[in-house]
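K.L.:
Provided below for reference: sequence and predicted model.
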Amino acid sequence: MYDYTDFDEAFVRSRVAQFTDQVARRLDGSLTEDEFRPLRLMNGLYLQLHAYMLRVAIPYGTINPRQMRQLAYIADTWDKGYGHFTTRQNIQFNWPKLPDVPAILSALADVQMHAIQTSGNTVRNVTADHFAGAAADEIEDPRPYAELLRQWSTDHPEFQFLPRKFKIAITGSPNDRAVTAAHDIGLRMVRNAAGAAGFEVGDGGGLGRTPVIGHLVRDFLAVEDLLPYVEAVLSVYNTLGRRDNKYKARIKITVHETGKAEISRMIEERFAEIRPHFGGADQALLAEIRKAFAQPDLRHGPTEAYEAFYKADPVFRAWADTNLAPHREADHAIVTISIKAHGATPGDATSDQMRLIADLSEKYGYSELRISHEQNVILPHVHKSDLAVIHAALSKAGLGTANVGLLSDIIACPGMDYCALATARSIPVAQEISTHFEALKLEHDIGPLKIKISGCINACGHHHVGHIGILGLDRAGVENYQITLGGDATETAAIGEKTGPGFAYDEIVPAIERILRAYLSLRTHREETFLDTFRRVGMEPFKLALYQTEGEQDAA
Amino acid sequence: MSRYTPKVVTANRLREGDVVYQTADDRWTPHHQEAELIEDEAHAQMRLLHAAAQKLLIVGAYLADAKPGPNGPEPTHFREAFRTRGPSNYNHGKQADLSNV
Ligand code: SF4
């Protein structure tokens, strides 16, 4: 993976020194909170409901075992022994104390990590397909481009005070696992007629208050044009984007208000203007970066033992069926480690679990790891003959749950258990759905299903693109949950449709059960997934199942 | 005429981030029930200003709705009720810290 250059190292260290001084000045009263707040946010430090929260970037979801161990060390030394992986491929520590934050940032810098631009109106952590560099369906590893974008956008003087935050996602595969359609810029690698790799560029996607699927601004962008083009998009947005109204400041609103054709024209015009100034230094840098993402030297060998074990052990087989994905090499597999044990908090890993994952990665995974936006951890390259021993080790540590892609593999944002912006809780809703269906032993029968839960309209839990989306609201001082159906986060992206009136906290699990029982009776055969069924039959049968028996539903 | 909804002044401690409440005798307590219940709007604004000036002790002071209870003020909204305890997924925060004392 990419190693910091002296320049990167010096930049991160000088930022730690700066912030150390700023914290000292806040603590001795030289800085007021109004002065300090933007400074702490620039360094990923938020004030939440019960404590501060530090958000650390995991660039494009790539992390090495040494970094993972350092996160465990930070969790043990300055927090409560765990960390929370988020939908933006960040990790959040929920309990740091202000005087300790400089030491934490310094410990992060020791392993080439930081919390810069994890907040504020800047280009945020560039997110990528979590199977990057390993997936069988991949055209090219997208991470060198993500790293190029990271270097270019970090502390970029023109883009430190954008109208609003700006999120870029990138995938190298036609099967979109990076939710690119819901990003301010979504980059999808494609090949043109001549066979050259380039990007299909989507723009103006986003969830939140006004969910929008990005529109296509370029169907083919040559790789060499990536930086000038992205810079052109940001530059147009920086000029046009509204700074008078926070709710109208994201680029999706700029696109809407300016018109797709006009904004595309402006982007192309700006692109033509700045393209000549990119004299090739970016391409030289990209070539350097590419070397850092060279494929590990994969070990080849027989896989009969794996196949025999797969046949013999039903527990292992269930796990292999859900948690493995096809690797580029037939004798390897991509392992998704579920950090969604039934009843556990989605995305939370204890320090012991982090250390075990780091060990397994070193021993069997060529020292590679990824964090997914779905809040799981990936071992991207594992020889199949090592899978059984990995599964055994994971199971002992509570990490062997065979549920990836199933009902209990729920995305949930921190919600009102932590987040100061929340309007309702999301974590306990996820926990209860997961334990309820585990008790019914229904999740394997139900099959592929994405449930996504947000604790407010900001939609960090991606509820709009969940097959079943749940949004927690405050209705007259009571938690109320609105359900959407039919959302899709992939290359066939769609925004879910509201079912109707919301449900109280203690009614939400039964409501989800009614939806899923309806699905089981509506599907034509086992292979027809929930989403397929919804697309075939539409909303009506689900509405009936939800509301028919509920005479006195809240009409909010 | 609508009556003024009683308030408490609440904030987070600057260093630790813990949720605290302002008492009538100008302390910051972790216990909601020890907070000063303010029933007059003008007085509430004064107490909030007084709180906000204590920038070495607390951060983010605001007025939260409350009501009288048998042992002192109680929160009226679920958000404030959660703030008196801590998260629901772990025994962390005040529900753990205060049960140890
Ligand atoms: S969706 Fe809302 S509640 Fe959830 S983390 Fe985002 S801002 Fe907080």
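P.N.:
All right, it came through fine.
K.L.:
contacts, neighbours, all on C-alpha from now
P.N.:
Will do.
K.L.:
the stretch 401-550 of chain A: helices as residue ranges?
P.N.:
With DSSP state H, counting those that start in this stretch, the ranges of helices along the stretch 401-550 of chain A come out as A:427-440, A:443-446, A:508-522, A:530-537, A:540-547.
K.L.:
touching the ligand at all, stretch A:417-427?
P.N.:
Yes - Stretch A:417-427 comes into contact with the ligand when judged by C-alpha under 6 Å from any ligand atom, the residues involved being A:Cys419, A:Leu421, A:Ala422.
K.L.:
winner for burial among the helices of the stretch 401-550 of chain A?
P.N.:
Most buried of the helices of the stretch 401-550 of chain A by mean neighbour count (mean count of other C-alpha atoms under 10 Å in any protein chain shown) is helix A:427-440; its value is a mean of 19.
K.L.:
packing partners of that one?
P.N.:
Helix A:427-440 makes packing contacts with helix A:508-522 when contacts are defined by 3 or more C-alpha pairs under 8 Å, 6 or more residues apart in numbering or on different chains; DSSP states H and E.
K.L.:
longest helix of chain B?
P.N.:
Using DSSP state H to define each element, chain B has its longest helix at helix B:41-52.
K.L.:
that one: which residues count as buried?
P.N.:
When burial is assessed from 16 or more other C-alpha atoms under 10 Å in any protein chain shown, helix B:41-52 yields the following buried residues: B:Ala44, B:Arg47, B:Leu48, B:Ala51, B:Ala52.
K.L.:
of these, closest to A:Ile168?
P.N.:
B:Ala52 (38.2 Å; C-alpha to C-alpha).
K.L.:
ok, that closest one touching B:Gln45?
P.N.:
No - the pair formed by B:Ala52 and B:Gln45 falls short of the contact definition of C-alpha atoms under 8 Å, at 10.5 Å.
K.L.:
need the helices of the stretch 401-550 of chain A in TSV with mean pLDDT, can you?
P.N.:
As requested, the helices of the stretch 401-550 of chain A are exported to TSV (pLDDT from 0 to 100):
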stretch	mean pLDDT
helix A:427-440	98
helix A:443-446	96
helix A:508-522	98
helix A:530-537	98
helix A:540-547	97
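K.L.:
the bottom helix or strand of chain B by mean pLDDT?
P.N.:
Counting by mean pLDDT, DSSP states H and E, chain B has its least confident helix or strand at helix B:94-97, which shows a mean of 90.
K.L.:
pLDDT score for A:Met1?
P.N.:
The confidence metric pLDDT takes the value 83 at A:Met1.
K.L.:
could you measure from it over to A:Tyr60?
P.N.:
Separation of A:Met1 from A:Tyr60 (C-alpha to C-alpha, to the nearest Å): 11 Å.
K.L.:
B:Val59 now?
P.N.:
Going from B:Val59 to A:Tyr60 by C-alpha to C-alpha gives 33 Å.
K.L.:
the more surrounded of those two?
P.N.:
The neighbour count for B:Val59 versus A:Tyr60, taken as other C-alpha atoms under 10 Å in any protein chain shown, is higher for A:Tyr60 (30 against 24).
K.L.:
next, give phi and psi for A:Asp6.
P.N.:
As for A:Asp6, its main-chain torsions (degrees, to the nearest 10) stand at phi -60, psi -30.
K.L.:
all strands for chain B, in order.
P.N.:
Listed in chain order, the strands of chain B (DSSP state E) span residues B:7-13, B:19-22, B:28-29, B:58-67, B:74-75.
K.L.:
can you name the residue of chain B nearest the ligand?
P.N.:
B:Arg79 (11.8 Å; C-alpha to the nearest ligand atom).
K.L.:
what's the angle from the longest helix of chain B to strand B:58-67?
P.N.:
Here the directions of helix B:41-52 and strand B:58-67 differ by 150 degrees (axes from the mean of the first three to the mean of the last three C-alpha atoms, to 10 degrees).
K.L.:
now do the same contact list for whichever residue of the stretch 201-350 of chain A sits closest to chain B.
P.N.:
For the stretch 201-350 of chain A, the residue positioned closest to chain B under C-alpha to the nearest C-alpha is A:Thr345, at a distance of 7.0 Å. When contacts are counted by C-alpha atoms under 8 Å, 6 or more residues apart in numbering or on different chains, A:Thr345 touches A:Ile427, A:Pro428, A:Ala430, A:Gln431, B:Asn89.
K.L.:
what about it, which SS state?
P.N.:
When the structure is reduced to helix, strand and coil (DSSP: H, G, I helix; E, B strand; the rest coil), A:Thr345 reads as coil.
K.L.:
state the distance from it to A:Cys413.
P.N.:
From A:Thr345 over to A:Cys413 (counting by C-alpha to C-alpha), the distance is 10 Å.
K.L.:
overlap of the contact sets of the two?
P.N.:
Common contact partners of A:Thr345 and A:Cys413 (C-alpha under 8 Å, 6+ apart): A:Ile427.
K.L.:
helix, strand or coil for A:Glu374?
P.N.:
Local secondary structure at A:Glu374 is given as coil here, using three-state DSSP.
K.L.:
contact partners for it?
P.N.:
A:Glu374 makes contact with A:Thr86, A:Thr87, A:Ile410, A:Ile411, according to C-alpha under 8 Å, 6+ apart.
K.L.:
so which of the residues you listed is surrounded by the most neighbours?
P.N.:
Neighbour counts for these peak at A:Ile411, which has 30 neighbours (criterion: other C-alpha under 10 Å).
K.L.:
what sits closest to that residue if chain neighbours are left out?
P.N.:
In space, not counting the residues next to it along the chain, A:Ile411 is nearest to A:Lys452; the distance is 4.7 Å by C-alpha to C-alpha, 6 or more residues apart in numbering or on different chains.
K.L.:
what's the neighbour count on A:Glu362?
P.N.:
Counted with other C-alpha under 10 Å, residues neighbouring A:Glu362 total 16.
K.L.:
so it makes contact with A:Pro65?
P.N.:
Yes - using C-alpha under 8 Å, A:Glu362 and A:Pro65 qualify as a contacting pair, with a distance of 6.8 Å.
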